[in-house]
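Visitor: below is the sequence, then the predicted model.
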Amino acid sequence: MFSSGIDAVVPMLCVTLAALAVMGAEAFRARGEQLPLGGLGVVGLVGAAISAVLLWNRNAVSFGVVVADNFGLFVTLVLLLVALLTIMFSSTVVRRDGLPAGEYYALVLFATAGMIMMATANDLLVVFIALEILSIAVYVLTGIRRDDSRAIEAAFKYFLLGAFSSAFFLYGIAFTYGLAGSTRLDRVGTYMAAQSMSGNPLILVALGLLLVGFAFKISAVPFHMWTPDAYEGAPAVVTGFMSTGVKAAAFAAFARVFLSVFEPFSGEWAPLVWLLAAATMILGTVVGVAQSNLKRMLAYSSIAHGGYLLVGLVAANQVGKAAILFYLLAYAVTNLAAFGVIALLGTREAANDELRDYAGLWHTRPALAALMTVCLLSLGGLPPTAGFIGKWYIFSAAVSAGYYGLAVIGVLTSVVSVFFYLRVVVMMYMTDRPAAIAPPPVSAVAMAALVASIAAIIALGILPTPVLDFAAQSIATIF
Amino acid sequence: MLLTLSWLVPLLGALVLLCVGNRDGRRDALVRWLSLAVTLATFAVTLVIWARFDAASPEFQFVERHAWIPAFGIDYFIGIDGISLLLVVLTAFLSPIALLSSWGSIERKVKEFSIFMLALEAAMIGVFVSLDLFLFYVFWDAMLVPMYFLIGIWGYDQRIYAAVKFMLYTMAGSVLMLVAILGLAYLHSAATGTYSFDLLKLYTLDIAPQTQMWFFLAFTVAFAIKVPLFPFHTWLPDAHVQAPTAGSVILAGVLLKMGTYGLLRFSFPLFPEAAAYFAPGLALLAVIGIVYGALVAMVQPDMKKLVAYSSVSHLGFVVLGICAMNMQGVQGALYQMLAHGVSTGGLFLLVGMLSDRRHTRLISEFGGLKAVMPRLTAAFMIITLASIGLPGLNGFVGEFLIMLGAFRWDPRFVVVAGLGVILSAVYMLWMFQRVYYGPVTHEENAALPDLRPREWAAVVPLCAVAVVMGVFPTLFLKPMEASVNAVVQRVQVAQTLRAERP
Amino acid sequence: MDGWLGVIIMIALGVGFAAVMIGLSLLLGPHNPTPEKLAPYECGMPAVGSARERHSVKFYLVAMIFLLFDIEVAFLYPWAVALRDLGWAGFVQLVTFFLILSVGYVYVWRKGVLDWGPAARAGRHAARRAA
């Protein structure tokens, strides 16, 4: 069982070590001393990224339960990018809001380690452990502003519903174990392949419970209720982190479990996921229209984007699987940058995340307004941005799998979503603020992160080929 | 390389402008001259293309093809034929004029305005030269963004409503086209094993009639919204009226042509059977649009709105010509597209000049301007007559050819369309009379300045082109002939071939 | 049946020993009942007032920390059982696990969670005031 080396867990290990180092440094920090804890985290993330690149094409397996195949590594790299950008944005926010730096960075890194574990797990129990590692860290991050009642409420809701969904998931694992006698994905897969004709109702129970567990984590409608509250209450940087990282990790595990293990039963779950996808896209956009708080609006938008990802999952063809990966990357960079802008505009006293706070931003902070516009256009799927290519990819997967209905729902909801993204643009560019607030200065690091994300968004929108090939390759190794 | 330059030059110009520091508008003059120079350079490039264009060949020329996203068979594939050539030239011709017109009226955020104008020009030219459906869609959607900002930031009172409406209407149409494009690529992969968005390859695709119907509708709704065909026209009066003058000129002059261009380039040749099925219905909508647009234009108190509705009417003619799908009809439609671009662009320009001076566009606020500003009156006269379709000016040739073509196809449409011609004379001349003739009814109007040199520079080319197009139509008809013939042949052959099929 | 005999003797011995001790204390012990002694839980705190009384957050902290370390230390037991089978690889893994725990422990310690005494608290207050 412990025959193989530890190669596959090295990226995770790097991140964990960085987190431990941050904790240690925080423990021995003299009172009032400022330590470059974020930099420490960055070192770990870069180390993890290097090791992930070195593991490419090697299909390393550690302990039989963690596989560093190209699919997992692609997601790992996306997650590392998410964590890196988060830390870069955080440098400003942590100092401004007086957040406990050591705890904050350590939690971000632990959550990242959990996410990477989730993306590379090859055993249902490991998926569960990873889910808990990342969830607990994220619950705490949600409520890290202890003096903010909204944040506490958000954290508590998130915790309760998260625990609830974990129970579903665990129950699903139990059923799967009862059926297949193992939680290892390959063995469960072998069992399922043999059972595909038997029509054993218990398989459907296991399938349904796992589906619900995952649907909670990716906030698919109707399991999305926690999302708007949690996203609105958490500090904007954390919202950006969890709306991209958690979603990417959960989707990776979702895709791995459903597209490999339960592939023989796709006839059973595809209609269900079809419904989930349609409901998610529609509700996410339609309710998003009515929001006046930007974070809440983007929360609904991220629900809708989960729906688009589900479309790729339903299509489940070669294109669809690669499309999920590309979309995850495009969405992660875009959404994170958007929340980064929100975070940078807040002050310690006021979050400045109401729509009306953005009035006339063009005059006071033209650069931030322009960057935000690019993010919103990318979220809306307008060329030439990463979001456009992502949607193109997803919908072409749907069309080539014959799901014209989903594709039409998808494109129509993206028009609706453009409506509410435009509301922000209207506020920033076309509404004059009676008394302009003085937005806080933006640190060079955070600005660099923003500019890098925008550059990535546009680069992915114009020359997506390398990344598309990369995504297609990473899919080719498994499934 | 030359064709790439035609859209790359304005885009690079926009990027250069982005780097010009212009805090507090200190370098507005520099920005204005720079952007004008860029558009003039673009115009020069397109003129070179026109000069080197081989009119005898129906093939696509100046073709460039580079693999872009090979996994999906997406190429950077551009080229022009007689249909797109003159539309590209028109775009490049109107852009400097639109920029010139904004020199007096756009005073804040000049740099951003110029950037958006240049980006818009790049996207518009890109739409006309793309031969890869993916590339086409990218330009088609990318064009919305600068136009949205132009209307929303520099427009008049209701600008936000108009901008959002414009954006959502157009997007709603275009995303359905997106699904159809993806469907086409999928059909191509089902037939040949590889994805392709190459227009020329897709032309040869044999699509089942039932599928054709759906795809044709998806494409055509996108284009019909853009044209705008009755009843999809409701965004147009808002957008035109609220846009700044430069935006209106581009919107009327070029953007509307994209809809009809799309019908001619994509809807009809890609889905000939469905086209044959839907053509009478489309023509009916077009004819309704002709009469409806004219009637509504007649009662408008606002000059800009009047011109906007006249566009609905005129574009109806274009669609009618395309639906006829014979040589005269299509050539006339294409000619009318160019003529409408020049004359309606000119009308918006001149109305914009009046509105800059008086800050109102209501017809009742004017009167007797002939004595106050004779030069502007003369220019307005030429453009008005051109728009009506007076022989010897540009509007006549197109309308005449369209009527001829439509008559050969189905005379009933021509009867109603003829009514539109008469009505257009009524509303245009009536407006002209109320604004320019009679006594000066408002004191403010008595001392309005006549055309300034800068405005001369914008107006004279338009009037000159209007006359040239009226007197030497062959100059413009010749290059389009071979290509139009090719399209008509393609559609007709496909229709007859498939009609014989059991 | 043989195998179970020892178990039964064990149970009998246990029960018998307990019964004998309780009986002896009843017979021999002095009987001076006071209210405190009759309280159901004799642990130093008077069992009066609301059951929903607020406790110092220290209690929760200690309880949680206990729980965490206790559960995690429970991993050591199966390792000890399977020590030979796991070999050096298992040893390295366990040491890693232990190191992670130690970092947590050091962190908790340095953060002052284990400082209960008034002296330590006063010291912290002084430092906070100085800062």
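Guide: Structure received. Numbering: from 1, shown residues only, chains lettered A, B, ... in the order given.

Visitor: would you map the helices across chain C?
Guide: Ranges of helices in chain C, per DSSP state H, are C:2-28, C:35-38, C:57-73, C:76-81, C:83-110, C:118-130.

Visitor: distance to chain B and mean pLDDT added to those, as TSV?
Guide: All C-beta spots, glycine's among them, are computed from the backbone N, C-alpha and C. As requested, the helices of chain C are arranged in TSV below (distance: least, C-beta to the nearest C-beta, whole Å; pLDDT from 0 to 100):
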stretch	distance to chain B	mean pLDDT
helix C:2-28	69	90
helix C:35-38	77	72
helix C:57-73	48	83
helix C:76-81	49	85
helix C:83-110	42	85
helix C:118-130	46	61
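
Visitor: residue A:22 is nearest to which of those?
Guide: Across the helices of chain C, residue A:22 has its closest neighbour in helix C:83-110 (9.9 Å, C-beta to C-beta).

Visitor: residues in contact with whichever residue of chain C sits closest to chain A?
Guide: In chain C, the residue that lies nearest chain A is residue C:110 (3.7 Å; C-beta to the nearest C-beta). For residue C:110, the contact set (C-beta atoms under 8 Å, 6 or more residues apart in numbering or on different chains) comprises A:27-28.

Visitor: show me which residues of chain B sit near chain A.
Guide: Residues of chain B found near chain A (C-beta under 8 Å from any C-beta of the partner chain) are B:68-72, B:134, B:137-139, B:141-142, B:144-145, B:148-149, B:152-153, B:159-160, B:163-164, B:167-168, B:171-172, B:175-176, B:178-179, B:182-183, B:185-186, B:189, B:195.

Visitor: and residue B:464, how many neighbours?
Guide: When neighbours are counted by other C-beta atoms under 10 Å in any protein chain shown, residue B:464 registers 12.

Visitor: over to it: give its phi and psi.
Guide: Main-chain torsions, residue B:464, degrees, to the nearest 10: phi -60, psi -50.

Visitor: pLDDT score assigned to it?
Guide: For residue B:464, the model assigns a pLDDT of 90.

Visitor: could you check how far it is from residue B:479?
Guide: Between residue B:464 and residue B:479 the computed distance is 19 Å (C-beta to C-beta, to the nearest Å).

Visitor: now residue B:191
Guide: For residue B:191, the distance to residue B:479 - C-beta to C-beta - is 34 Å.

Visitor: who's more crowded, these two?
Guide: Between residue B:191 and residue B:479, residue B:479 has the larger neighbour count (other C-beta under 10 Å), namely 23 against 14.

Visitor: and for the residue in the stretch 201-350 of chain A that chain C sits nearest to, the neighbour number?
Guide: Nearest to chain C in the stretch 201-350 of chain A, going by C-beta to the nearest C-beta, is residue A:348, at a distance of 18.7 Å. Neighbours of residue A:348 under the rule other C-beta under 10 Å: 11.

Visitor: got the contact list for it?
Guide: A:96-98.

Visitor: ok now stretch A:314-328, how far from the chain's centre?
Guide: 16 Å (C-alpha atoms, centre = their mean, to the nearest Å).

Visitor: near chain A, which residues of chain C?
Guide: Contact residues (C-beta under 8 Å from any C-beta) of chain C with chain A: C:86, C:89-90, C:93, C:100, C:103-104, C:106-107, C:109-111, C:127-128, C:131.
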